[in-house]
Structure formats: C-alpha cells, structure tokens
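Q: model the following, please.
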Amino acid sequence: MIPVTIVTGALGAGKTTFVNYILTASHGLRIGVIVNEFGEVGIDGELLVTTKEQFIELPNGCICCTVRGDLIDAADSLLNSGRIDYLVIETSGLAEALPAALAFDAPKLEGRAELDAIVCVIDAENIDEHLKLGPTIKEQMQCADIVLVSKSDLVTQKRLSQVKANVKKWVPGAVMLDAVKGRVDLSLVLGVRAMHKREWRREEHGHAHDTEVMSVSVETGPVDPDKAQVFFESLPDSVVRAKGVVCMKESEKGAADELRVIYQKVGKRWDFEFGRPFEEGEDKRTKVVFIGKMDKAGLKKGLEKCQ
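A: Next up, the predicted model:
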C-alpha cells in the first residue's frame with residue numbers, strides 16, 4: 001500500500017516550505033502531493049517548486065467543509081497513475097486534520113493507501129498568536145504523531161524550550177523535531193509508521209473554525225515596485241497571513257523585463273524574494289491571497305492602485 005503523510009498546521013507556520021523540502025531532498029521516493037487551499041486564487045501551486053512529481057491542487061475551502069470528496073478523488077487519481085510510491089497531503093491552515101485522515105477510510109481508498117503519520121508544523125515565533133485565532137490550531141497539534149517546530153532559528157533557546165514544554169503538555173505522545181527553513185531529517189518523518197487508532201478517530205466531529213476569519217483573493221496586472229512596497233508595509237495586523245506572486249512592472253516601456261517576486265506575510269513579519277523569471281508568453285499577473293479579519297473591498301482597491 002502507498003503510505004500517506006498528512007501535513008497540517010496554522011496559516012504561515014511553514015507547511016509549504018516543508019513540503020518543498022520533501023520534494024527536493026534526496027530520498028528516492030516518487031511523491032505525489034495534494035494541496036488544499038483557502039481562497040479563490042490558487043497560490044500554493046505557484047509557490048511550490050516545479051518537480052517531476054505529479055501535482056494536484058484542490059478547489060478553495062478547507063477539506064473538512066467542502067472538498068473531502070475531492071480529496072478522495074484526487075488521491076484515487078494519483079494512486080491509479082502508477083507514478084507514485086508516496087503521498088503527501090498539505091491541508092489548509094484553517095482546516096482540521098481529522099477529516100483528511102478519515103478520508104482514507106473511504107471504500108475507494110481502503111486497502112490501497114495507509115496513513116503513515118500526521119505531521120503538525122508549528123511556528124516557534126508566532127505560536128502564541130496562532131493559538132488566539134481559535135481552537136483549530138490546538139486540534140491540529142493534538143492529532144499529530146510528529147510536531148515539527150519550524151523557524152526555531154528565529155527565537156532564543158529559552159523561548160524554544162518554553163514552546164516545546166507547552167507542546168509537550170498538549171501532545172504528550174508526539175515526537176518533536178526542530179526545523180529551519182523546512183529542513184529536517186526525513187528519515188524521522190517519512191515512512192515511520194507512526195499512525196495508530198486513537199479516540200479522536202471518529203466519524204463525526206465538530207467544526208472549530210473561526211467564522212470571522214476570511215480570505216480575500218486579488219488578481220491584478222503588473223504593479224509599481226515603490227507603490228507595492230508602501231501597500232504591503234501598511235497592511236493591518238488583522239491580516240494574519242498573506243502570500244502570492246507579485247509581478248513588478250518592466251523597467252521601461254517595451255523592455256519586457258517584468259520581475260516575478262514572491263510575497264509572504266506571517267503575523268507582523270513579511271518579505272519579498274525573487275522568483276523564477278517569467279517565461280515567454282506567460283501571463284504576467286499579480287496574484288495575492290490575504291487571510292484574516294479585514295476589509296475586503298479596501299484591500300482589493302489598495303492593491304489595484306499600485307498598478
């Protein structure tokens with residue numbers, strides 16, 4: 001049977017960075033990836049590195065609310081392809097992990113794939129803020145076999161020890177591993193056969209989503225670098241997560257040298273980094289998803305003014 005690892009965790013905890021590392025590390029596995037996004041504009045598919053692995057991106061919404069059927073169909077499609085020997089599912093930061101695990105009890109998947117482990121990625125720097133957003137984050141940890149403490153290099157040793165002590169209280173049976181930029185010894189994460197039956201493995205579950213948290217997806221044309229800098233610097237703290245591909249305008253009309261810039265915001269921390277060059281004939285667009293409690297119309301209007 002094909003082993004399955006479910007990667008869960010809060011918005012911006014570092015899940016996509018970890019999955020990118022899995023896809024680029026030397027492990028000899030042909031890995032299929034299923035990503036569940038929250039937002040109308042698919043972003044993770046563009047942020048994930050290009051690999052030889054087959055990639056399926058699910059529609060908007062969290063797995064436990066609207067796309068569980070699609071999760072089963074997507075996994076079935078990958079299993080039928082005969083091109084993978086491992087499956088990784090990255091859930092939305094707003095989704096509970098349990099429904100993704102229960103999906104593999106479906107008759108279509110039974111006997112063909114088995115859960116290997118649930119890995120919860122937490123942000124050592126912002127875990128306290130994430131917990132304030134609602135009970136979903138703690139639920140994600142409590143379902144985990146492995147807790148990956150990401151961004152451990154951004155906090156003091158005292159803070160790191162405190163975070164680990166708190167996690168140990170919440171998830172006493174979980175293995176805890178440090179990760180820097182998603183890097184961890186994959187022999188401790190993949191193929192560990194950690195999954196086992198638990199009390200939380202039930203057919204019915206309560207939703208723990210914060211209904212005030214929303215997503216705003218914005219698409220626009222190339223933007224002015226200076227205007228974009230001011231716009232992203234002025235985002236309110238209520239925007240807890242944002243990510244996207246920003247197309248910076250050409251240096252002069254007709255130069256066709258627009259830059260692809262990857263934008264990431266987690267809590268109060270944000271940054272730009274250069275992405276791959278635009279290919280000839282590729283649609284040069286700016287696509288950003290904002291997640292939090294915010295003014296939808298104001299955000300759209302603000303980014304559009306950067307053109």
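
Q: surely G292 meets L235?
A: No - G292 is beyond contact range of L235, at 9.1 Å (criterion: CB atoms under 8 Å). Where you see a C-beta, it was placed from the backbone N, CA and C, and this is true even at glycine.

Q: tell me which of these two has more neighbours.
A: G292 (21 against 17; other CB atoms under 10 Å).

Q: measure Y21 to L148 for me?
A: From Y21 across to L148, the span is 11 Å (CB to CB, to the nearest Å).

Q: ok, G298 next?
A: 35 Å.

Q: same check, this time on V288
A: 26 Å.

Q: ok, now D128?
A: Distance from D128 to L148, by CB to CB: 17 Å.

Q: tell me which of these two has more neighbours.
A: L148 (26 against 12).

Q: what helix or strand is that one located in?
A: L148 belongs to strand 146-150 when assigned by DSSP states H and E.

Q: repeat for F290
A: Assigned by DSSP H and E, F290 belongs to strand 286-292.

Q: pLDDT (mean, whole number) over that strand?
A: For strand 286-292, the mean pLDDT works out to 82.

Q: pull the CA atoms of that strand into PDB?
A: The C-alpha coordinates for strand 286-292 follow below in PDB (Å, rounded to 0.1, in the frame of the first residue of the first chain):
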ATOM      1  CA  THR A 286      -0.100  39.700  -9.700                       C
ATOM      2  CA  LYS A 287      -2.000  37.200  -7.500                       C
ATOM      3  CA  VAL A 288      -2.200  37.500  -3.800                       C
ATOM      4  CA  VAL A 289      -4.400  35.800  -1.100                       C
ATOM      5  CA  PHE A 290      -5.000  37.600   2.200                       C
ATOM      6  CA  ILE A 291      -6.300  35.700   5.200                       C
ATOM      7  CA  GLY A 292      -7.600  37.300   8.400                       C
END
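
Q: which strands or helices does it pack on?
A: Here strand 286-292 touches strand 214-220, strand 239-248, helix 296-304, going by 3 or more CB pairs under 8 Å, 6 or more residues apart in numbering; DSSP states H and E.

Q: out of the ones you listed, nearest to L115?
A: With CB to CB as the criterion, L115 lies closest to strand 239-248 of the helices and strands packed on strand 286-292, at 26.9 Å.

Q: what helices or strands is the helix or strand in which K168 is found leaning on?
A: Using DSSP H and E, K168 sits within helix 157-170. Helices and strands touching helix 157-170, as assessed by 3+ CB pairs under 8 Å, 6+ apart, comprise helix 136-142, strand 146-150, strand 175-179.

Q: who touches the second one?
A: Under the contact criterion CB atoms under 8 Å, 6 or more residues apart in numbering, strand 146-150 has outside partners 9, 13-14, 17-18, 117-124, 141, 160, 163-164, 167, 171, 174-180, 182, 184, 188-189, 192, 194.

Q: what is the mean pLDDT for it?
A: Computed over strand 146-150, the average pLDDT equals 93.

Q: grab the nearest non-local neighbour of L79.
A: Ranked by CB to CB, 6 or more residues apart in numbering and with sequence neighbours excluded, the top spatial neighbour of L79 is R112, at 5.4 Å.

Q: the one you found contacts I72, correct?
A: No - here R112 lies out of contact with I72, judged by CB under 8 Å, at a distance of 11.3 Å.

Q: now the strand holding F290 and strand 239-248, what's the angle there?
A: Strand 286-292 and strand 239-248 are oriented at 170 degrees to each other (axes from the mean of the first three to the mean of the last three CA atoms, to 10 degrees).
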